[in-house]
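*Asks:* Next comes the sequence, and after it the predicted model I'd like to discuss.
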Amino acid sequence: MNTRRSFFFTVTIVSAVAYAACGSAPSRSAQPIDPVTLSSETTGAGGVGGDVMIDLVENTATAAVRVAEPKGATYGDDYEGDILKAMQAGQFDLSVLRADRLAMAGAKSLAVLQTPFLVTSEEQAAKIAADPVANDLMAGLGDIGLTGIELVPGGLRHPFGYGSPMYGPADYQGAVINSRYGTGVDAIITALGATPDHSGGDARTNKIKNGQLRGVEGSLMQQGGVDRPAIVTSNVTLYTKFDVVVVRTKVWNGLTNGQKDALRAAVVKASHDAIAARDTEAGGLDRWCATPGAGSVVATPQQVQQLHAALQPVVDAATSADGDMAKRLAALGTGTAPPAGKVCGSLDTNVESTTNSTASGPSGTSGTSGTSPDPYKVTRQGPQDVLDGVWRMKTDRQKYLDLGLSVNDADANSGIWTITVKDHIATVDQPNGADCTWDFAFNGDAVSIDMAALGNESCYGHAIGTFKRVGDVVTFDFQKERDYEVAQDNAMFALGMQKIG
């Protein structure tokens, strides 16, 4: 599948500001708004934060103040830091970035948001985003050359454990915990006696398989960022992620009042649209529990109390730096409560048993007779250039929705895919997100596809099944999928691939 499974690592870029040559639209005061197009950057179409950008692009497509569609570039593990530097250098105008990464870069007013256990419910996060306090939180962005337009809740952050659940501080001692770059989350992990790790893509997956990573802090709203098998401690909310829609201050100051009003209104609408399309905390937990290799546990009151005690020094440091703001945020949580969580799903977190177990494969695969070192990969035999050429595939959004995928996931994977195959290696132009690389393996009519081949960080999945080619049309019947429900692969390829070159 596409970037909905790995959107932490894919970003896109658009050229600098372009002004429309003619035409104008009236403002609410009946004054014409001079057309303007702003260039943009996103951390991935299917991700939390990236979905705001995609809605903003779509909502302003015919507006006087238009945000241009991001067009494709890839950065390193600290992609948000790279985006920020490029933005400050004037390479583009507008983006959506995590509050913690912006605080790390010098927007200190946002640092308080990552205080442990300060914002612990969806209701509280929504109140903060809608309150005038949001403007005060974004005030420090001017120190790094940016202006904040909107503060957007991005999901409660929970610990996900590998090997066994992560209940209390003892499960963190001496461990390595994966997270994104940010001084706030690093302080939380370090205070619990663990070491932060910021690797992504195959590097992170390999560390999990090798037992080097004990866990990852993540969100049930953004499950694609968590390799499975994993177990979430669903009643422990370490902090809440916020994203910020930011624009370069020089660009903002160059807009007319009418243009500013129009852009602000479009950003607010895009934020609301994106949030409405996401999983809720409860819905995300239900979906997580129904996913193969996923489980959930609940920490005891004593374990939660121990976590609070271990993180009190971080709380003290944050409140001493901005105590009045912390009190204002806490007050907006009055009457709300952190999620209770639940016990569900698979509690078997043996990575090797999930990804390398012995299993029977489809007709023609190495699993047909005896065992296979990888039940999701065909042992190559015979010609491997059978699909060489350029192929086009259209994916149906409704088929994804019928499977229970979120609107964001369905949107991220729907559209026209162009797949260029040479000697079983495919360069894939996705409908959303950067190009990625697939590796086909053939044995008669048996086929497997590694969708995260050659270090590609833009696609995810490893399916095995059979294929049939009739003229310039090839269809697939997948029987097994290592990383998610195989029905998603069959929905993706339901209309087949048409050769176009």
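*Replies:* Okay, I see it. Remember, predicted model here, so these are calculated numbers, not experimental data. Residues are numbered from 1 along each chain as shown.
*Asks:* C-alpha only now, for contacts and for neighbours.
*Replies:* Will do.
*Asks:* my read: R157 touches S234, true?
*Replies:* No: the criterion here is Cα atoms under 8 Å, and R157 misses it with S234 at 9.3 Å.
*Asks:* ok, these two, which is more surrounded?
*Replies:* S234 (28 against 22; other Cα atoms under 10 Å).
*Asks:* For the closest residue in space to A175 that isn't next to it in sequence, give me its contacts.
*Replies:* Distances taken as Cα to Cα, 6 or more residues apart in numbering place A194 nearest to A175, at 4.8 Å, with adjacent residues excluded. Taking Cα atoms under 8 Å, 6 or more residues apart in numbering, we find A194 in contact with Y172, Q173, G174, A175, V176, I177.
*Asks:* need the helices for the stretch 151-300 of the chain, in chain order.
*Replies:* For the stretch 151-300 of the chain, the helices defined by DSSP state H, counting those that start in this stretch occupy 183-191, 201-209, 249-253, 257-277, 281-289.
*Asks:* JSON lines for the ones you listed, including mean neighbour count?
*Replies:* Formatted as JSON lines, the helices of the stretch 151-300 of the chain follow (neighbours: other Cα atoms under 10 Å):
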{"stretch": "helix 183-191", "mean neighbour count": "21"}
{"stretch": "helix 201-209", "mean neighbour count": "17"}
{"stretch": "helix 249-253", "mean neighbour count": "16"}
{"stretch": "helix 257-277", "mean neighbour count": "18"}
{"stretch": "helix 281-289", "mean neighbour count": "19"}
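*Asks:* got the contact list for A187?
*Replies:* With Cα under 8 Å, 6+ apart, A187 has these contacts: V314.
*Asks:* per-residue pLDDT, it?
*Replies:* As predicted, A187 sits at a pLDDT of 98.
*Asks:* remind me, longest strand of this structure?
*Replies:* When the chain is parsed with DSSP state E, its longest strand is strand 146-161.
*Asks:* Run me through the strand neighbours of that strand, direction for each.
*Replies:* Partner strands and pairing direction for strand 146-161 (DSSP bridges) are strand 215-218 (antiparallel), strand 230-233 (antiparallel), strand 239-248 (antiparallel).
*Asks:* shaky segments in the stretch 101-250 of the chain?
*Replies:* Applying pLDDT under 70 to the stretch 101-250 of the chain flags no residue at all.
*Asks:* Go through this protein and flag its longest helix.
*Replies:* Counting residues, the longest helix found in the chain (DSSP state H) is helix 301-331.
*Asks:* which other helices and strands contact that helix?
*Replies:* Applying 3 or more Cα pairs under 8 Å, 6 or more residues apart in numbering; DSSP states H and E, we find helix 301-331 packed against helix 183-191.
*Asks:* quick one, the helix it packs on and strand 146-161 angle?
*Replies:* 30 degrees (axes from the mean of the first three to the mean of the last three Cα atoms, to 10 degrees).
*Asks:* returning to what we had before: looking at the helices of the stretch 151-300 of the chain, spot the one closest to V96.
*Replies:* helix 257-277 (10.4 Å; Cα to Cα).
*Asks:* For V378, pull up the helix or strand it's in.
*Replies:* Following DSSP states H and E, one finds V378 outside all helices and strands.
*Asks:* Going forward, the N-terminal residue is numbered 14.
*Replies:* Renumbered: residue one is now 14, and that last one reads V391.
*Asks:* surely it meets V460?
*Replies:* Yes: look at V391 against V460 with Cα under 8 Å: they come within range, at 6.1 Å.
*Asks:* still on that earlier bit, just say which of the strands paired with strand 159-174 is most tucked in.
*Replies:* Compared across these, strand 243-246 shows the largest average neighbour count, a mean of 28 (mean count of other Cα atoms under 10 Å).
*Asks:* quick one: that strand to chain centroid distance?
*Replies:* Between the centre of strand 243-246 and the centre of its chain there are 18 Å (Cα atoms, centre = their mean, to the nearest Å).
*Asks:* List of residues touching that strand?
*Replies:* 171-180, 306-312, 354, 359-360, 362.
*Asks:* I'd like to know which of these are part of strands.
*Replies:* Among the contacts of strand 243-246, the members falling in strands are H171, P172, F173, G174, A307, G308, S309, V310 (criterion: DSSP E).
*Asks:* now the fourth one: how far from K98?
*Replies:* When distances are taken as Cα to Cα, to the nearest Å, G174 and K98 turn out to be 33 Å apart.
*Asks:* The two: which has the busier surroundings?
*Replies:* For the pair G174 and K98, the greater number of neighbours falls to G174 (27 against 14), based on other Cα under 10 Å.
*Asks:* was I right about that one contacting G224?
*Replies:* No: if you go by Cα under 8 Å, G174 and G224 don't touch, sitting 11.3 Å apart.
*Asks:* Where does pLDDT dip in the chain?
*Replies:* For the chain, the ranges with pLDDT under 70 are 14-44, 56-59, 84-87, 360-386, 419-421, 468-471.
*Asks:* on that earlier part again, most neighbours, which of the ones in strands among the contacts of strand 243-246?
*Replies:* Of those, with other Cα under 10 Å as the count, F173 tops at 31 neighbours.
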